[in-house]
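Trainee: Quick one: sequence plus predicted model below, questions after.
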Amino acid sequence: MAERFYLTTAISYPNGRPHIGHAYELIATDAIARFKRLDGYDVMFLTGTDEHGMKMLQTARAEGIAVRDLADRNAAEFQRMAEVLGASNDDFIRTTEERHKLACQEIWRRMAASGDIYKDAYSGWYSVRDEAFYAEDETEVRADGNRYGPQGTQVTWVEEESYFFRLSAFQDRLLAHYEANPDFVGPAERRNEVVSFVRQGLRDLSVSRTTFDWGIPVPGDEKHVMYVWVDALTNYLTATGFLDDGERAAFWPADLHVIGKDIVRFHAVYWPAFLLSAGLPLPKRVFAHGFLFNRGEKMSKSVGNVVDPFSLVANYGLDAARYFFLREVPFGQDGSYSHEAIVNRTNSELANDLGNLAQRSLSMIAKHCDGRVPQPGAFGEADKAILSTSGALLIAAREAVDRQEIHAMLAPIFAVVAEANRYFAGQEPWALRKSDPARMATVLYVTAEVLRRVAILLQPIMPESMAKLLDILAVAADERSFTELTPDIRLEAGRAMPAPAAIFPRYVEPDTV
Ligand code: ME8
């Protein structure tokens, strides 16, 4: 049986339409999911929307619509975004679904049964934007007279009866877990932040609210709804159907939660504490990516520079957009986006380096090799060198993806594409056509074989265009997984190849056409 791999994105607040930050997280997680499937894993990939809480309620009030309508309207946009981005998620969870209510109430009961939940009065600072409580020393009063939390969002004073989760009791267990599992949080700087936050000591966490009812009722005390983060984090468990012991239950614990760097505390401190309390196994890894800035400026709805993922895809094409974000921004660090940067990268690396190499070599095969995979002669030093570097790519890619370093997976692949271009130019197959046709066949064969390896490996990043390239290379649909990258497998000489077509169009400015 194939090894299971369960990975998730954060679930987004549908208080507005999806923006590039949401698209970025989904594309990256999708690339990892596709990579794992091609590498033989039985993958479950989850994304969804986080629909309860104060922030949703306040937005709905401001827009003068019912909160459920706001959730429905925007959740549909998030689902549409997943389709438009070619996301291969196996499920899309909405926290307003019945299955989720049952899962949340069960985890609550288990935490209560462990003695980790008690009723008291809460008073403290709360940020609706972050849906987070902050200690007074994490906040500051600014010149405008308002108080702000550590992420720069305004906080207000809250005082009400509340259930508490005994987070303070988990400090030692959490620190022991980080110590014993150095890969639990990545990248390293995020892990260090988490460890120092927990070392400072943990305060019990208010986990219910009574001033509104847009949430999941606390079992046995329905005047309270659960704090939105108890509800939100549990989504990862809900989707495995942990209550019904069905087929998906075996996917828990999750192998990987991919999230943004602003919500590490919830995933690396609160979530494992809730699970320890409920007697459930902990996820294996939480990886935080950086933030995307539009030309270096932070994106936000209020600043008005939110880039719409739908127009991004319409403008540049899906695979170019997927490639750009994963190649341009080292995964885990902040990055910025600009029209010039995306055009440069896609034109130089996709259209020129990869697209032209495919176009030039495959159209020579179509013309001069009867449209069939050429029969190679004995390999010389140059052939062996490029076959050997391209043959080593899978192992390096696997190691990079297991650390979520998607950029580090891509760099060596594109180094091989550059090397293949030098090889092709240096061997001059067009000159060999008359002088040594057998040698020409070998050069074209080697180039096509390198393209096959590159195309198989790039499928997780650019599924549509690599499917096209593999079609042209006459690689059958069942010959595209990573098991086809073992040293004994190569293109079969003599196989008929479909007529080559351009894979990556150059981006041309609309006003210059
Ligand atoms: O935080 N660049 O939802 P959310 C990169 N509902 N990533 C970004 C980003 C940007 N500019 N802006 C946001 C929530 N993100 C909670 C999560 S999970 C149990 C609950 C990322 O809609 C952000 O870091 O504010 C998060 O991982 C995801 O988008 C959803 O953000």
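Mentor: Received it, and whenever you're ready, just let me know what you need.
Trainee: okay, CA-based contacts and neighbour counts for the rest of this
Mentor: Noted.
Trainee: is it true that H52 lies in a helix?
Mentor: No: using DSSP: H, G, I helix; E, B strand; the rest coil, the assignment for H52 is coil, not a helix.
Trainee: Run a quick neighbour tally on T389.
Mentor: The burial count assigned to T389 is 15, neighbours taken as other C-alpha atoms under 10 Å.
Trainee: Name the nearest residue to it, ignoring sequence neighbours.
Mentor: Distance criterion C-alpha to C-alpha, 6 or more residues apart in numbering; nearest residue to T389, sequence neighbours excluded, is V416 at 7.1 Å.
Trainee: and what of Y148?
Mentor: Leaving aside its sequence neighbours, Y148 sits nearest to Q154 (C-alpha to C-alpha, 6+ apart; 4.3 Å).
Trainee: returning to that earlier point: my understanding was that the residue nearest to T389 contacts S390; is that so?
Mentor: Yes: using C-alpha atoms under 8 Å, V416 is in contact with S390, at 6.3 Å.
Trainee: Run through the residues that contact V313.
Mentor: Shown here is V313, whose contacts under the criterion C-alpha atoms under 8 Å, 6 or more residues apart in numbering are 84-85, 321.
Trainee: Out of those residues, who's the most crowded?
Mentor: Counting by other C-alpha under 10 Å, A321 has the largest number of neighbours within those, with 24 neighbours.
Trainee: Name the SS class of that one, please.
Mentor: Look at A321: counting by three-state DSSP, its state is helix.
Trainee: In contact with it: list those residues for me.
Mentor: A321 makes contact with 312-313, 342 under the criterion C-alpha under 8 Å, 6+ apart.
Trainee: and the residue in the chain that the ligand sits nearest to, what does it touch?
Mentor: When you check the chain against the ligand by C-alpha to the nearest ligand atom, the closest residue turns out to be G260, at 3.0 Å. The contact partners of G260, taken as C-alpha under 8 Å, 6+ apart, are 10, 25, 288-291.
Trainee: Please identify the residues of this structure in proximity to the ligand?
Mentor: Taking C-alpha under 6 Å from any ligand atom as the criterion, the neighbours of the ligand within the chain are 10-13, 21-22, 50, 232-233, 259-262, 290-292, 299.
Trainee: now, which of the residues you listed lie within strands?
Mentor: If you go by DSSP state E, the residues of the chain next to the ligand have 259-260, 292 in strands.
Trainee: tally of neighbours for the closest residue to K223 other than its chain neighbours?
Mentor: For K223, ignoring the flanking residues on the chain, the nearest one in space by C-alpha to C-alpha, 6+ apart is T210 at 6.0 Å. Counted with other C-alpha under 10 Å, the neighbours of T210 add up to 17.
Trainee: from memory A132 sits against G124, does it?
Mentor: No: taking contact to mean C-alpha under 8 Å, the distance of 10.6 Å between A132 and G124 leaves them out of contact.
Trainee: So the residue nearest to K223 is in contact with H224, correct?
Mentor: Yes: in this structure, T210 sits in contact with H224. The criterion is C-alpha under 8 Å, and the distance is 4.8 Å.
Trainee: okay, and the common contacts of these two?
Mentor: Joint contacts of T210 and H224 (C-alpha under 8 Å, 6+ apart) are S162.
Trainee: Just the closest of the contacts of G260 to I406, please.
Mentor: The shortest gap between I406 and any of the contacts of G260 belongs to H289, at 10.9 Å (C-alpha to C-alpha).
Trainee: low-scoring stretches of this structure, by residue?
Mentor: Counting by pLDDT under 70, the chain contains low-confidence residues at 296-306, 511-513.
Trainee: how about it, which residue sits the furthest from its center?
Mentor: In terms of distance from the mean C-alpha position of the chain, S435 ranks first, at 50.5 Å (C-alpha atoms, centre = their mean).
Trainee: separation between it and P429?
Mentor: Distance from S435 to P429, counting by C-alpha to C-alpha, to the nearest Å: 10 Å.
Trainee: try A397
Mentor: Separation of A397 from P429 (C-alpha to C-alpha) stands at 30 Å.
Trainee: and what of F133?
Mentor: Following C-alpha to C-alpha, the distance that separates F133 from P429 is 67 Å.
Trainee: What of F379?
Mentor: F379 sits 15 Å away from P429, taking C-alpha to C-alpha as the criterion.
Trainee: could you pull out the helices for the stretch 351-500 of the chain?
Mentor: Read by DSSP state H, counting those that start in this stretch, the stretch 351-500 of the chain holds these helices, from start to end of the chain: 357-368, 381-391, 393-402, 406-427, 429-435, 437-458, 463-472.
Trainee: In JSON lines, list the ones you listed along with distance to R199.
Mentor: As requested, the helices of the stretch 351-500 of the chain are arranged in JSON lines below (distance: least, C-alpha to C-alpha, whole Å):
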{"stretch": "helix 357-368", "distance to R199": "54"}
{"stretch": "helix 381-391", "distance to R199": "46"}
{"stretch": "helix 393-402", "distance to R199": "28"}
{"stretch": "helix 406-427", "distance to R199": "31"}
{"stretch": "helix 429-435", "distance to R199": "64"}
{"stretch": "helix 437-458", "distance to R199": "42"}
{"stretch": "helix 463-472", "distance to R199": "44"}
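Trainee: Could you give the bridge partners of the nearest residue to H267 once chain neighbours are set aside?
Mentor: Counting by C-alpha to C-alpha, 6+ apart, H267 lies nearest to V286, which is 7.0 Å off, once chain neighbours are set aside. When assigned by DSSP bridges, V286 has beta-bridge partners V185, H257.
Trainee: got the contact list for V286?
Mentor: With contact taken as C-alpha under 8 Å, 6+ apart, V286 is in contact with 184-186, 256-259, 267-268.
Trainee: Let's see the ChimeraX selection covering just the buried ones among these.
Mentor: Here is the ChimeraX command that picks out the buried ones among the contacts of V286, judged by 16 or more other C-alpha atoms under 10 Å:
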select :184,185,186,256,257,258,259,267,268
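Trainee: Compute the distance between the residue of the chain closest to the ligand and V128, please.
Mentor: From G260 across to V128, the span is 18 Å (C-alpha to C-alpha).
Trainee: V228 is in contact with P217, isn't it?
Mentor: No: no contact is recorded between V228 and P217 when judged using C-alpha under 8 Å, the distance being 11.0 Å.
Trainee: which one of the two has more residues nearby?
Mentor: Neighbour comparison, V228 and P217: the larger count goes to V228, with 24 against 20 (by other C-alpha under 10 Å).
Trainee: got a list of what the more buried one touches?
Mentor: 52-53, 131, 215.
Trainee: Swap in 7 Å and give it another go.
Mentor: Counting by C-alpha atoms under 7 Å, 6 or more residues apart in numbering, V228 touches 52-53.
Trainee: could you measure it against T211, distance?
Mentor: Counting by C-alpha to C-alpha, the gap from V228 to T211 is 13 Å.
Trainee: Kindly report the same for A351.
Mentor: Using C-alpha to C-alpha, we find A351 at a distance of 56 Å from T211.
Trainee: between the two, which one's more packed in?
Mentor: Here A351 and T211 are set side by side on neighbour count (other C-alpha under 10 Å), and the busier one is A351, at 21 against 13.
Trainee: didn't that one look like it was pressed against V508?
Mentor: No: A351 is not in contact with V508 according to C-alpha atoms under 7 Å; the separation is 11.4 Å.
Trainee: which residues in the stretch 101-250 of the chain form strands?
Mentor: If you assign secondary structure with DSSP state E, counting those that start in this stretch, the strands in the stretch 101-250 of the chain sit at 117-127, 132-134, 140-141, 147-148, 156-165, 185-186, 205-206, 208-209, 217-218, 221-226.
Trainee: Those strands: which one's closest to F274?
Mentor: Within the strands of the stretch 101-250 of the chain, the stretch nearest F274 is strand 156-165; the backing value is 8.4 Å (C-alpha to C-alpha).
Trainee: gap between G40 and E484?
Mentor: Distance of G40 to E484, computed by C-alpha to C-alpha: 11 Å.
Trainee: ditto for H52
Mentor: For H52 relative to E484 (C-alpha to C-alpha), the value is 46 Å.
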